[in-house]
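>>> Below: sequence and its predicted model.
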Amino acid sequence: MGFVQDFKEFALKGNVIDLAVGLIIGAAFGDIVKSLVNDVVMPPIGYVINGIDFSNLAYTMGTDAKGKPVEIKYGVFINNCLHFLIIALVIFVIIRQFNRLKRKPAELPPTMRACPFCTEQIAIKATKCPHCTADLPPVQDTPVTA
């Protein structure tokens, strides 16, 4: 196969397309969360703490050579930490709900049982124990363990 054919096969695989869709949706979701934090969560918090806007919080260290203030913008950092926590919480809730909806695999019938004489695990259909060489009673007389 040539380079172009290999690339076409790679690009058209389901995983690559799923990844691209996930990235696009993730970027849009980031905008939604940013708006949620900036426009819904932060205003009430700012109101409770006397109207402080976290994005404007900064520590001014001094000025640079051009006379501009040199600031450590810890308020922006607080906003970004809140963005992260909200995104993590939303993703956790989505994945948790998705896992609840997934079907549980059907339970397989047991394939092993305990020998009634030596208690070693043996195949459920065994008629003689390979460990103690005892003749085994039928399966319904022996407790079955998984």
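Perfect, I can see it now. Numbering: from 1, shown residues only.
>>> Could you point out the helix or strand that follows the lowest-mean-pLDDT helix or strand in the chain?
Ranked by mean pLDDT, DSSP states H and E, the weakest helix or strand in the chain is helix 42-48, scoring a mean of 78. Using DSSP states H and E, the helix or strand that follows helix 42-48 in sequence is strand 59-63.
>>> now the helix or strand just after that next one: mean pLDDT?
Using DSSP H and E, the next helix or strand after strand 59-63 towards the C-terminus is strand 69-72. In this model, strand 69-72 has a mean pLDDT of 92.
>>> so the lengthiest helix in the chain versus strand 59-63, what angle?
When the chain is parsed with DSSP state H, its longest helix is helix 74-101. Per axes from the mean of the first three to the mean of the last three CA atoms, to 10 degrees, the angle that helix 74-101 makes with strand 59-63 is 140 degrees.
>>> Run through the neighbouring helices and strands of the helix or strand following helix 74-101.
Next in sequence after helix 74-101, counting helices and strands by DSSP H and E, comes strand 112-114. In terms of contacts (3 or more CB pairs under 8 Å, 6 or more residues apart in numbering; DSSP states H and E), strand 112-114 is packed against strand 121-123. Placement of C-beta: from N, CA and C, glycine included.
>>> Now do the strand it packs on: which elements does it pack against?
If contacts are counted by 3+ CB pairs under 8 Å, 6+ apart, strand 121-123 sits against strand 112-114.
>>> okay, now the domains of the chain?
Using automatic domain parsing, the domain parsing of the chain gives 3-101, 108-146.
>>> Mean neighbour count added to these, as TSV?
Below are these laid out as TSV (neighbours: other CB atoms under 10 Å):
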stretch	mean neighbour count
domain 3-101	11
domain 108-146	12
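>>> ok, residue 106 to residue 100 distance?
18 Å (CB to CB, to the nearest Å).
>>> What of residue 68?
Taking CB to CB, one finds residue 68 at 53 Å from residue 100.
>>> Could you do residue 7 as well?
Distance of residue 7 to residue 100, given as CB to CB: 40 Å.
>>> Residue ranges in the protein under the pLDDT threshold?
1, 14, 51-52, 140-146 (pLDDT under 70).
>>> Run through the residues that contact the nearest residue to residue 74 once chain neighbours are set aside.
Leaving out its chain neighbours, the residue that sits closest to residue 74 by CB to CB, 6 or more residues apart in numbering is residue 57, at 5.8 Å. Applying CB atoms under 8 Å, 6 or more residues apart in numbering to residue 57 gives the contacts 73, 74, 75, 78.
>>> Sounds good, over and out.
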